[in-house]
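Participant: the following block contains a protein sequence and its predicted model.
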Amino acid sequence: MSLRIGIDLGGTKIEGIVLDGNREAARLRVGTPRDDYEATLAAIVRLTASLETAVNAGSRIPDPGSRPGATIGIGIPGTISPVTGLVKNANSTWLIGRPLQRDLEHRLRRPIRIANDANCFAMSEAADGAAAGANVVFGVIAGTGVGGGIVVDGRIINGANGISGEWGHNPLPWADAEDEGRVCYCGKHGCIETYLSGPGLAADHERRTGVRLLPPHIVEAAGRGDDLEEDQARYVRAIEYQVPDRDGNGTGERIILITTITDWRAAPAAGLARAYHQRWEHEGGNAQLKTYLRGPGRVLRSQSPAMAGQEIWGYLLTHYAISALACAAATAAGIDPDRVKFKRTVRIIRRAVGPAFPP
Ligand SMILES: [Zn+2]
């Protein structure tokens with residue numbers, strides 16, 4: 001059987017393994033040349049050569065040259081765009097926009113397979129790891145970056161844009177509106193990755209304390225109970241409660257809310273738990289407004305902040321009017337208003353007043 005090389009191209013290290021059948025024949029690790037694309041290519045080529053040498057040196061086959069070259073699969077941060085063939089969405093930003101696959105195939109003189117590292121990880125856990133036997137698997141990564149992958153029935157879900165399962169570039173919900181969050185390399189503000197990744201945690205710690213520490217040392221300090229200046233600390237409250245078994249089939253669950261609202265008299269735990277569940281109603285409303293009323297991917301047309309505000313008001317009023325109509329109609333018909341689909345309601349209205357609704 002021919003040899004198989006698997007390489008994990010990380011933001012801080014590149015690790016390679018050779019499989020001879022199912023046996024691990026060699027494993028090597030080198031540092032990632034950060035911010036240098038050419039050096040990264042060279043490091044992968046050298047690592048591959050070292051792995052092949054290590055295996056051939058330990059092999060009893062007299063002529064290593066007679067053995068066919070190993071097949072190579074590489075897990076990378078980000079993904080190869082199905083449209084351009086270039087790397088996108090990589091937190092190792094020096095790879096972005098580069099023809100990594102083509103360049104490596106040229107240098108390694110063989111076809112290679114490249115996949116998103118989080119997808120590789122999720123697939124591996126789904127195959128014979130922590131999620132073995134589960135039908136639907138969401139693999140979560142929190143390392144140099146924050147990513148993930150989704151496996152359903154043993155197959156990776158890639159998604160139309162090749163970024164399924166990537167939860168790190170949603171903004172954290174903010175405790176206060178002033179704190180907009182740091183700019184992320186992806187162009188947005190306050191992404192989860194700018195806080196939960198190793199570098200994000202270190203940068204946040206430094207911003208608050210002025211002290212530069214590596215993430216493991218921050219965790220150690222927290223575990224020791226090291227003091228933090230009062231103005232740098234952020235107090236949180238943990239509210240733990242049990243949601244009863246709604247369907248009677250053992251689906252009850254324990255929920256722990258962590259909140260910066262610490263005044264338990266002004267905001268009792270039960271009220272916060274109720275508000276948390278109400279939140280999903282708001283999420284539903286936001287989705288209706290953005291996806292069905294405005295249309296997916298459509299931006300506001302107004303050019304000035306004041307007019308953009310007006311336009312948003314227009315959408316909100318239209319959304320309110322539609323919801324009120326649907327609610328009244330459902331009540332009159334004796335059905336639960338939650339069962340009236342917003343999307344269908346909008347479609348019916350568009351048929352009646354024209355496709356340019358809302359104007
Ligand atoms: Zn981001």
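Facilitator: Structure's in. What do you need?
Participant: hey, where'd the helices end up in the stretch 201-350 of the chain?
Facilitator: Secondary structure of the stretch 201-350 of the chain (DSSP state H, counting those that start in this stretch): helices at 215-224, 269-287, 305-333, 342-353.
Participant: could these be laid out in CSV, adding mean pLDDT?
Facilitator: Shown next, in CSV, are these (pLDDT from 0 to 100):
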stretch, mean pLDDT
helix 215-224, 89
helix 269-287, 86
helix 305-333, 93
helix 342-353, 90
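Participant: make JSON lines from the ones you listed and add distance to the ion and mean neighbour count to it.
Facilitator: Where you see a C-beta, it was placed from the backbone N, CA and C, and this is true even at glycine. Listed next are the helices of the stretch 201-350 of the chain as JSON lines, based on distance: least, CB to the ion, whole Å; neighbours: other CB atoms under 10 Å:
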{"stretch": "helix 215-224", "distance to the ion": "19", "mean neighbour count": "12"}
{"stretch": "helix 269-287", "distance to the ion": "19", "mean neighbour count": "12"}
{"stretch": "helix 305-333", "distance to the ion": "23", "mean neighbour count": "13"}
{"stretch": "helix 342-353", "distance to the ion": "29", "mean neighbour count": "13"}
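Participant: so which of the ones you listed is nearest residue 130?
Facilitator: helix 215-224 (21.6 Å; CB to CB).
Participant: got the CA positions of the closest one in CSV?
Facilitator: The C-alpha coordinates for helix 215-224 follow below in CSV (Å, rounded to 0.1, in the frame of the first residue of the first chain):
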residue,chain,number,x,y,z
PRO,A,215,-2.9,32.4,26.9
PRO,A,216,-1.8,29.4,29.1
HIS,A,217,-0.4,31.8,31.6
ILE,A,218,-3.6,33.9,31.6
VAL,A,219,-5.5,30.7,32.4
GLU,A,220,-3.0,29.7,35.1
ALA,A,221,-3.2,33.2,36.7
ALA,A,222,-7.0,33.0,36.7
GLY,A,223,-6.8,29.5,38.3
ARG,A,224,-4.5,30.8,41.0
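Participant: now the stretch 101-250 of the chain, which segments are flagged as low pLDDT?
Facilitator: Residues of the stretch 101-250 of the chain that meet the criterion pLDDT under 70 lie in 173-180, 232, 246-248.
Participant: quick one: name the residues of it near the ion.
Facilitator: Contact residues, the stretch 101-250 of the chain versus the ion (CB under 5 Å from the ion): 169, 184, 186, 188, 191.
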